[in-house]
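**Student:** Give me coordinates for this.
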Amino acid sequence: MARESFDKEIQFLRLLVLTSGAYTRQQFAERLGISVHTFDKTIKRLKEIIYTMSNELPAHQEKELTQMLRYSYYDSSDPMLLFLFRAKSLKESESIRLSLILKAIQEQALTTAEIIDICHEQLPGDLPLPDEKTIRSDLKYLEEVGVIRKETGGRPFRYRIHHEIVTGLHDEELTDLYDFVDVMANTQVPSVQGYLLRDNLKKARKQTEAASELFLYKYHFYSRILDEAHLYTLFRAIRQRRRISFLYFSPKSGKRYTSQNTNPLFEKESTGKQELLLPLKVIYDHQYGRWYLLGHSKRLGITKYRVEGLTQIEEKESVLEEEFARKCAALEEKIRFSWLIDTGQPVKIKVRFYHPEGNEPNFIKHRVQQQGQWGMITEENEDSFLFEIMVNGTMEIRPWLRSFGSSCEVLEPAYLRREFINEWKEIQSYYESIRENI
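**Tutor:** Have a look, this model is predicted:
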């Protein structure tokens, strides 16, 4: 699957999940910045992938994709959007060839020459036959990712499936491992690798008597797992100190994707912005389930982007280690007082929290101490305590303060106190028209 195609299908599926079929074909295409013809082609492509790679969807192929997404999400604990990751990185010929290799060495160890003979015998006639260099490259890749292992002994080397982690476990141990991976995949980020491991363990459990589902977990930010497609590219660029270029679509923009202009007769202005960035850090917002990329731009300096808006990412030249270290130090200084990623001016916030009546232990104080980051409790009496913290701007800390309701009173700065007063007055006004005799 081409990189641009994968970018498009990520945006396509995210919008499909979030709108649950509320858009018409024309509206959907306009929102994504593609033609209706491309919309239809993408739907067809996604359906083909689904029916090829998933056995848990309804058998009626005429069912709308939006209905299948809703059905799969509410009926199963498996996030169906993972099918896109399974189809993402391999060409059709590579996918078939690797499948043949894995099947051939499932039960016995084989040499490279024996694997080449099997591929030549069993590959479809319309696909190119691999040479020895291609097969050796495939075996090296499978060995690096831990799927196969090289047998001990001299040349010619023999390869076989590396599945001792499953075959070496008793049924009870396999169930415990599956339950652990299931919980971690649904509660930790990144999640995709955990889901893929869970799927493999599920297949192993189905071959035993330990296949019952005891628990059911749901990932809270269903469409956000699609953002993880970019994470490992970004992590690799950070490790190698490489700049990246990408086309960025702001969450405020009207469109989410625009295809590359390959025909000058149909060239059109893109709504995205082409950016060149030295990536420095990736941060996850647990509250909203969002990934952010922070980096240094020659044009803007330290800047940040929502990962869901990144498309057509390409790695560029690397920078010197000294330069990278300077940029990282500048970023850390910039976000030293960030509640999350805010790079605004530092402001001191003073809040009074009220103790709950007749509650022990004090869950308000416990939560403030646990979630208050570097803030400090400066005064305390029987009824309340003062909490002070220096943060970059007030935008990111607002939801946390607001979540305490009447147990929290903002004292400083004065403008933030006035804004909270106005917010609570507005909320109060929503209830004034309710009749008392209802």
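**Student:** partner strands of the longest strand seen in the chain, parallel or antiparallel?
**Tutor:** The single longest strand within the chain, with elements called by DSSP state E, is strand 273-285. Using DSSP bridges, strand 273-285 pairs in its sheet with strand 242-248 (antiparallel), strand 290-297 (antiparallel).
**Student:** Any buried residues in the last one, and which?
**Tutor:** Residues of strand 290-297 classed as buried by neighbour count (16 or more other C-beta atoms under 10 Å): R290, W291, Y292, L293, L294, G295, H296. C-beta here means a position set from N, CA and C on the backbone, and glycine is covered the same way.
**Student:** Over to stretch 340-358?
**Tutor:** L340, I341, D342, T343, V347, I349, K350, V351, F353, H355.
**Student:** May I have the phi/psi pair for G153?
**Tutor:** phi 130, psi 180 (degrees, to the nearest 10).
**Student:** and it, how many neighbours?
**Tutor:** Each residue near G153 was counted by other C-beta atoms under 10 Å, and the total is 9.
**Student:** if I look at it, how far off is Y431?
**Tutor:** Distance from G153 to Y431, counting by C-beta to C-beta, to the nearest Å: 79 Å.
**Student:** now swap in K334 and tell me
**Tutor:** Taken as C-beta to C-beta, the span from K334 to Y431 is 42 Å.
**Student:** So between those two, which is more surrounded?
**Tutor:** Comparing K334 with Y431 by other C-beta under 10 Å, the one with more neighbours is K334, at 18 against 7.
**Student:** Quick check: that one touching T343?
**Tutor:** Yes. Here K334 reaches T343: they are 5.1 Å apart, a contact under C-beta atoms under 8 Å.
**Student:** Need the overlap of contacts for the two.
**Tutor:** I302 (C-beta atoms under 8 Å, 6 or more residues apart in numbering).
**Student:** list the buried ones in the helix or strand where I118 lies?
**Tutor:** For I118, the host element (DSSP states H and E) is helix 112-122. For helix 112-122, the buried set under the neighbour-count rule, 16+ other C-beta under 10 Å, comprises T112, E114, I115, I116, I118, C119.
**Student:** Could you work out the most separated pair of the buried residues of stretch 340-358?
**Tutor:** T343 and H355 (34.9 Å; C-beta to C-beta).
**Student:** Wait, L310 touches F246, no?
**Tutor:** Yes. L310 lies in contact with F246 (C-beta under 8 Å); the separation is 4.9 Å.
**Student:** how about low-confidence regions in the stretch 101-250 of the chain?
**Tutor:** Low-confidence segments of the stretch 101-250 of the chain (pLDDT under 70): 145, 164-166, 206-223.
**Student:** the helices in it, which residues?
**Tutor:** 112-122, 132-144, 164-167, 171-187, 192-206, 231-239 (DSSP state H, counting those that start in this stretch).
**Student:** Identify whichever of these lies nearest to R45.
**Tutor:** Once the helices of the stretch 101-250 of the chain are compared by C-beta to C-beta, helix 192-206 is nearest, at 20.2 Å.
**Student:** gap between K252 and E107?
**Tutor:** As judged by C-beta to C-beta, K252 and E107 stand 56 Å apart.
**Student:** Comparing these two, which shows the higher neighbour count?
**Tutor:** Between K252 and E107, counting by other C-beta under 10 Å, E107 is the more crowded of the two (9 against 6).
**Student:** what domains does the record give for the protein?
**Tutor:** Residue ranges for the domains of the chain, per automatic domain parsing: 3-86, 92-162, 166-223, 230-260+268-334, 346-429.
**Student:** Tell me which other helices or strands whichever strand or helix holds F28 touches.
**Tutor:** Under the criterion of DSSP H and E, F28 resides in helix 25-32. Helix 25-32 sits against helix 3-19, helix 36-53, with contacts defined as 3 or more C-beta pairs under 8 Å, 6 or more residues apart in numbering; DSSP states H and E.
**Student:** one more time with 6 Å
**Tutor:** helix 36-53 (3 or more C-beta pairs under 6 Å, 6 or more residues apart in numbering; DSSP states H and E).
**Student:** if we can go back for a sec, list the buried residues of the helix holding F28.
**Tutor:** Within helix 25-32, the residues that count as buried by 16+ other C-beta under 10 Å are F28, A29, E30, R31, L32.
**Student:** Need those in a markdown table (columns: distance to L82 and pLDDT).
**Tutor:** Output for the buried residues of helix 25-32, formatted as a markdown table (distance: C-beta to C-beta, whole Å; pLDDT from 0 to 100):
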| residue | distance to L82 | pLDDT |
| --- | --- | --- |
| F28 | 22 | 81 |
| A29 | 25 | 82 |
| E30 | 28 | 82 |
| R31 | 24 | 80 |
| L32 | 21 | 78 |
